[in-house]
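S.K.: Predicted model and sequence follow; I will ask about them next.
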Amino acid sequence: GAVVSQHPSRVICKSGTSVKIECRSLDFQATTMFWYRQFPKQSLMLMATSNEGSKATYEQGVEKDKFLINHASLTLSTLTVTSAHPEDSSFYICSARDGLAVQETQYFGPGTRLLVL
Amino acid sequence: KQEVTQIPAALSVPEGENLVLNCSFTDSAIYNLQWFRQDPGKGLTSLLLIQSSQREQTSGRLNASLDKSSGRSTLYIAASQPGDSATYLCAGGASGSARQLTFGSGTQLTVLP
C-alpha cells in the first residue's frame, strides 16, 4: 500500500527557533498534500492544503507567515514552524492524496511530535 | 462549513461483544466518508472509505455504512478483541477539488479481555 513518511518523528526545540518537518510520499506521486495539527485528546484540525508548485491554502485562523509550507515536488512537502513558542507544541500530521488512485484516498504519515520549551 | 460529530466519546466493552460507533455530519454534499483508527501517539490508519454513491463497505470484522440523507455513518465492529482498542475517527471528504477531510472528535474504544 501507499506509504507516507514524516521526519523527524519527534523534536524538542527552544522558544524562538524554527523547526522544519518533512512529509514524503514514498511510492506514489502526491498531487495534493495536507497538514494537520492535533492537540492532546482532540481531533485533527486541518491547517493547510498544498498543491505541488503552487502556494498553500491555509485554513481560517492559521498564520501563513508562522507556518510556512513548501510543496517543491510531487513527493515532498515541508512545514516550517517559524519562531516557535510553547503553544505551538502539538502533534503535526501530514497526508498525501494519490491523484491517480480511483478512490482518491488520503494516506497519512506517522506524525511529528513537537515540544517547544 | 462541514461539522462532524462522533458519539460516544468513549466506549468500554468486554471482549467478543459486537459494537457500533456513530458519526454524524451536517453537510450531506460530501464526496466520501472515511473511518480511521489511531493508536496512542501514532498516526492514522485508514480502515474503510465509502464513496458518496455507496451505502456501505466491509473489511473483515468491520462494516461501515453511509446514509447521506440523514447525515449519518456507522462503524460496526463484530466480535471485538482487545487489539481493537484505539481511537476511531470518522472524516467527511469535501466535494471540492482538494477533497479536504473534516474530522470528528473520535471515539476512544477499550475492549476488555
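M.R.: Arrived safely.

S.K.: which parts of chain B sit against chain A?
M.R.: Listed as neighbours of chain A in chain B under the rule C-beta under 8 Å from any C-beta of the partner chain: B:31-32, B:34, B:36, B:41-46, B:49, B:51, B:89, B:91, B:93, B:98-106. Heads up, the C-betas are built off the backbone N, CA and C, glycines and all.

S.K.: in the sheet, who's paired with the closest residue to A:F34 other than its chain neighbours?
M.R.: Spatial nearest neighbour of A:F34, chain neighbours left out: A:S95 (4.7 Å); criterion: C-beta to C-beta, 6 or more residues apart in numbering or on different chains. Here A:S95 sits in beta bridges with A:F34, A:F108, going by DSSP bridges.

S.K.: would you list every one of the strands in the chain?
M.R.: Picking chain A for this. Using DSSP state E, the strands found in chain A span residues A:4-7, A:10-13, A:19-25, A:30-38, A:44-51, A:57-58, A:67-73, A:76-81, A:90-98, A:106-108, A:112-116.

S.K.: Sorry, I should have been clearer: chain B.
M.R.: B:4-7, B:10-14, B:19-25, B:30-38, B:44-51, B:56-59, B:62-67, B:72-77, B:86-94, B:101-103, B:107-112.

S.K.: so which of those strands comes closest to A:D27?
M.R.: Of all the strands of chain B, strand B:44-51 sits nearest to A:D27, with 15.5 Å by C-beta to C-beta.

S.K.: show me the contacts for A:H7.
M.R.: Each residue near A:H7 by C-beta atoms under 8 Å, 6 or more residues apart in numbering or on different chains is listed here: A:I21, A:E22, A:R24, A:T112.

S.K.: coming back round to it: in ChimeraX, select just the buried ones from the residues of chain B next to chain A.
M.R.: Those of those that count as buried under 16 or more other C-beta atoms under 10 Å in any protein chain shown are selected in ChimeraX with:
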select /B:31,32,34,36,43,44,46,49,51,89,91,93,98,99,100,101,102,103,104,105,106
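
S.K.: so how far is B:E15 from the residue nearest to B:Q100 when sequence neighbours are not counted?
M.R.: Excluding its sequence neighbours, the residue lying closest to B:Q100 (C-beta to C-beta, 6+ apart) is B:A94, at 4.7 Å. Distance, B:A94 to B:E15, by C-beta to C-beta, to the nearest Å: 37 Å.

S.K.: ok, the two, which is more surrounded?
M.R.: Between B:A94 and B:E15, counting by other C-beta atoms under 10 Å in any protein chain shown, B:A94 is the more crowded of the two (18 against 13).
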